[in-house]
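A.B. asks: need a 3D model of the sequence below.
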Amino acid sequence: MNESIDFYFDMMSPFSYLAHTQLPDLARKYGLTVNYLPMSIPPAKIAAGNYGPSNREVPAKINVMLADIKRWAAHYDVPFTFPKNLEVEPWNVGVLYANDKGQAEAYVNAAYAKIWADGCDPADMAELSQVAEAMGWSADEFIDYVQSNEGQTRFRKACVEAHKAGVFGAPIMMLDDQTWWGNDRFMFIEEYLKGRKS
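C.D. replies: As a prediction, the model looks like this:
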């Protein structure tokens with residue numbers, strides 16, 4: 001049996017943020033780790049054959065979705081502020097850098113706090129530099145990496161691997177032969193983990 005939960009997520013996704021407020025502790029409860037796998041939602045949707053409009057193009061849907069996000073944030077007792085924009089690709093690339101250093105959970109916590117708790121401007125590299133400094137990294141080295149051809153190429157490859165794994169959106173959690181989509185699936189995840197442990 002696998003001993004880590006694959007967590008496919010996009011920093012632009014508020015539902016991925018909400019999921020991450022719960023997933024690491026749940027994984028630890030059952031002796032598992034989280035395998036952090038950043039991806040980009042728009043190309044994942046297209047790769048899966050979903051050519052429909054984005055949520056932002058459907059006003060009735062976006063209004064209900066925003067209300068649901070706020071309800072879930074209150075339910076989990078976590079802060080939520082919509083960011084200035086959703087230009088997050090360097091933040092996603094940063095997950096790969098953090099993975100290399102064995103600090104993915106701490107980085108994702110810090111990045112999500114900036115974007116979805118504080119509502120920062122993700123396009124402002126000064127904000128991302130602050131995350132690197134808080135991690136104890138060289139901010140210059142980190143920013144160079146997330147903007148480099150190497151980092152961006154590696155992220156594109158990670159996206160392709162996600163598509164091959166059957167990822168069509170985010171957040172998606174996978175373990176053994178099971179797949180769960182959405183921050184509202186933790187009841188089902190825990191039911192499976194209880195059965196898996198027994």
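
A.B. asks: quick one: contacts for the nearest residue to Gly182 once chain neighbours are set aside?
C.D. replies: In this structure, Gly182 finds its nearest non-sequential neighbour in Phe15, 6.2 Å apart by CB to CB, 6 or more residues apart in numbering. C-beta here means a position set from N, CA and C on the backbone, and glycine is covered the same way. Contacts were defined as CB atoms under 8 Å, 6 or more residues apart in numbering; by that measure Phe15 touches Ile69, Trp72, Ala170, Pro171, Gly182, Asn183.

A.B. asks: test my guess that the third one contacts Pro43.
C.D. replies: No - using CB atoms under 8 Å, Ala170 makes no contact with Pro43, being 11.6 Å away.

A.B. asks: for stretch 20-34, buried residues please.
C.D. replies: His20, Thr21, Gln22, Leu23, Pro24, Leu26, Ala27, Tyr30, Leu32, Val34 (16 or more other CB atoms under 10 Å).

A.B. asks: indicate each strand paired with whatever helix or strand the last one lives in and its parallel or antiparallel sense.
C.D. replies: In this structure, Val34 is located in strand 33-38 according to DSSP states H and E. Strand 33-38 pairs in its sheet with strand 4-9 (parallel), by DSSP bridges.

A.B. asks: what's the partner strand in contact with?
C.D. replies: 16, 19-20, 23, 27, 32-39, 108, 162, 165, 167, 170-175.

A.B. asks: of those, buried ones?
C.D. replies: Looks like the contacts of strand 4-9 have 16, 19-20, 23, 27, 32, 34-39, 108, 162, 167, 170-175 buried, using 16+ other CB under 10 Å.

A.B. asks: need the distance between the two termini of stretch 112-126.
C.D. replies: 15 Å (CA to CA, to the nearest Å).
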